[in-house]
Every structure is written in structure tokens, then in C-alpha cells.
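*Asks:* Output the structure for:
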Amino acid sequence: MTVFSLLLTCMIAIGSPGPQAWRWPLGPPAPRVVRGFSPPPVPWAAGHRGVDLAAGPGQAVYAAGPGRVAYADDLAGRGVVAIDHGALRTTYLPVRPSVHVGRRVTSGTRIGVLQHGLLHCPMACLHWGLRRGALYLNPLNLVQHQVRLLPLWRQPSPSAVPRPPDPPSAQPRMALRDAATATGGALTGMVLSFALAFLWRRTRIRFRLHRRRRQPPGVINLSQERRLRRAP
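*Replies:* This is a model prediction of the structure:
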């Protein structure tokens, strides 16, 4: 069953009679489908908004489900019967109606007899339509319930079962830890080197200044003498 057919079946099931209430509008036996449902791609385009069922002139036509007759008269020179089933509406043509508007019918109630075939049918046939509001649906979904079984899936063999991923190794973490330790040691060494160089340079400057301040005996410091003479 296609997704589109499944959606239509679900839409039909909502607000409509139960599945046991629907039946073919002809027979039994079930009639042959001469032409299937082929909706147009857009509402105003040409298409086949229903199904054609093989029949003979004068054959009895029955209501496909319980509901109320909404139309029973000629339309464009052909007899038409429309039945409301809650949110759904079924149509039958060309039919010479034997019911009147407003009558309550049950599934299988005779609503008229088939007139001469439609112009687009190669033989006498009944055009059976289904609508939900302005949306045309496939009326065969009312009486044909397709069921498809899924294939039996085999259990995968143990060799075919995918192995779980291996846990992450601790080696990358150790490598990152070693790199962090090495970086920290290098920074510490650089700081110590700069500190020692700074202390060494400062010690040398102090030593030179101290040597300059201590004058040997008998040596006159001219700079100091000038400062003393300039002082008031």
C-alpha cells in the first residue's frame, strides 16, 4: 500500500461508517473495474475523479453505505444520485433514481437502476465517485483493504555484529601531561635565568659604584672639590 493510499484510507475512516458498513454499489458478485481512479494534478485540470464499474442497462444500483440522499435527479441529461455519509459523499451515475432527497438509506438500499453507458465508457458502466468536501478520493478504498506483510528479517550473525568502538587510549593524555610539564619547566628555567642575570648585573653596578667612591690616599676628587666650592 502506498503512502498516498494509506492517507486516503485514514481520511475515509475518520467520520465515516465502519468498515463492515461499506459494500460495492453493484452485485454481488463484485463488478469489474473498467477504469480506475486518476485524479488530476490540479483541481481545474482533466482527470478521472472516480471509478467505472462494468454493468448492464437496467441493473440495480445500491447505496455503498448508510447515509442520507443529498441529490436524486437528472444532471446534464443523466440521472445522478448523491448520498451523504457524514463527512463523505458518494455519487452514482447514470442512474434513474428510485429514492428522493432526504431519505435515510442503509448499506445495500436500492437507489435506482443503471441507464445507458457513459460517453467515456466503451460499454455500459456505473461511474462511482467519492468526495470529502472538495477533495476527490478513490472509492475503491471503501471496499478494497490492501494488507501487505513485511518480510521476515533475519537475525544478524555474531560475526556480522559491529564491534563497539575501543575506549579512548590514555596515551594522548600522558603526552599532553608531559608537554605541560616540559613547558612549565622551561618557563621556570627562563624566569630563574632572568632573575640571576638581573641580580648579577645589579651586584656588578653596586661594586663599581663602591670602587668609585673609595679614593686612594693622596688622590683629590676634582668633582667633589668643585661641588664644595660652588656650595654657599
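*Asks:* average pLDDT across stretch 23-30?
*Replies:* What stretch 23-30 shows for mean pLDDT is 92.
*Asks:* Tell me the buried residues in stretch 79-95?
*Replies:* 79-83, 85, 88-95 (16 or more other Cβ atoms under 10 Å). For the C-beta atoms, the positions are set from N, CA and C on the backbone; glycine is no exception.
*Asks:* between these, which is nearest Arg49?
*Replies:* Of all the buried residues of stretch 79-95, Arg49 sits closest to Thr91, with 9.3 Å by Cβ to Cβ.
*Asks:* Tell me where the protein has strands.
*Replies:* 33-35, 51-54, 60-62, 67-75, 78-85, 88-93, 95-97, 104-105, 110-114, 125-132, 135-137 (DSSP state E).
*Asks:* got a markdown table for the ones you listed, with distance to Leu26 and mean pLDDT too?
*Replies:* Converted to a markdown table, those look like this (distance: least, Cβ to Cβ, whole Å; pLDDT from 0 to 100):
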| stretch | distance to Leu26 | mean pLDDT |
| --- | --- | --- |
| strand 33-35 | 11 | 90 |
| strand 51-54 | 6 | 92 |
| strand 60-62 | 7 | 96 |
| strand 67-75 | 18 | 94 |
| strand 78-85 | 13 | 94 |
| strand 88-93 | 10 | 95 |
| strand 95-97 | 11 | 94 |
| strand 104-105 | 16 | 96 |
| strand 110-114 | 8 | 96 |
| strand 125-132 | 6 | 92 |
| strand 135-137 | 19 | 91 |
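*Asks:* With distance to Gln224 added, can I get those in CSV?
*Replies:* Formatted as CSV, the strands of the chain follow (distance: least, Cβ to Cβ, whole Å):
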stretch, distance to Gln224
strand 33-35, 130
strand 51-54, 129
strand 60-62, 139
strand 67-75, 131
strand 78-85, 127
strand 88-93, 124
strand 95-97, 140
strand 104-105, 136
strand 110-114, 139
strand 125-132, 119
strand 135-137, 117
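*Asks:* Of all the ones you listed, which one comes closest to Ala21?
*Replies:* Per Cβ to Cβ, nearest to Ala21 of the strands of the chain: strand 78-85, 8.6 Å.
*Asks:* Can I get that closest one in PDB, CA atoms only?
*Replies:* Extracted C-alpha coordinates of strand 78-85, given in PDB (Å, rounded to 0.1, in the frame of the first residue of the first chain):
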ATOM      1  CA  ARG A  78     -28.000  11.900 -17.000                       C
ATOM      2  CA  GLY A  79     -29.500  10.700 -13.800                       C
ATOM      3  CA  VAL A  80     -27.400  11.300 -10.700                       C
ATOM      4  CA  VAL A  81     -27.700  10.100  -7.100                       C
ATOM      5  CA  ALA A  82     -25.600  11.500  -4.300                       C
ATOM      6  CA  ILE A  83     -25.500  10.200  -0.700                       C
ATOM      7  CA  ASP A  84     -24.000  11.900   2.300                       C
ATOM      8  CA  HIS A  85     -22.200   9.700   4.800                       C
END
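*Asks:* what's the angle between that strand and strand 110-114?
*Replies:* If you take axes from the mean of the first three to the mean of the last three Cα atoms, to 10 degrees, strand 78-85 sits at 150 degrees to strand 110-114.
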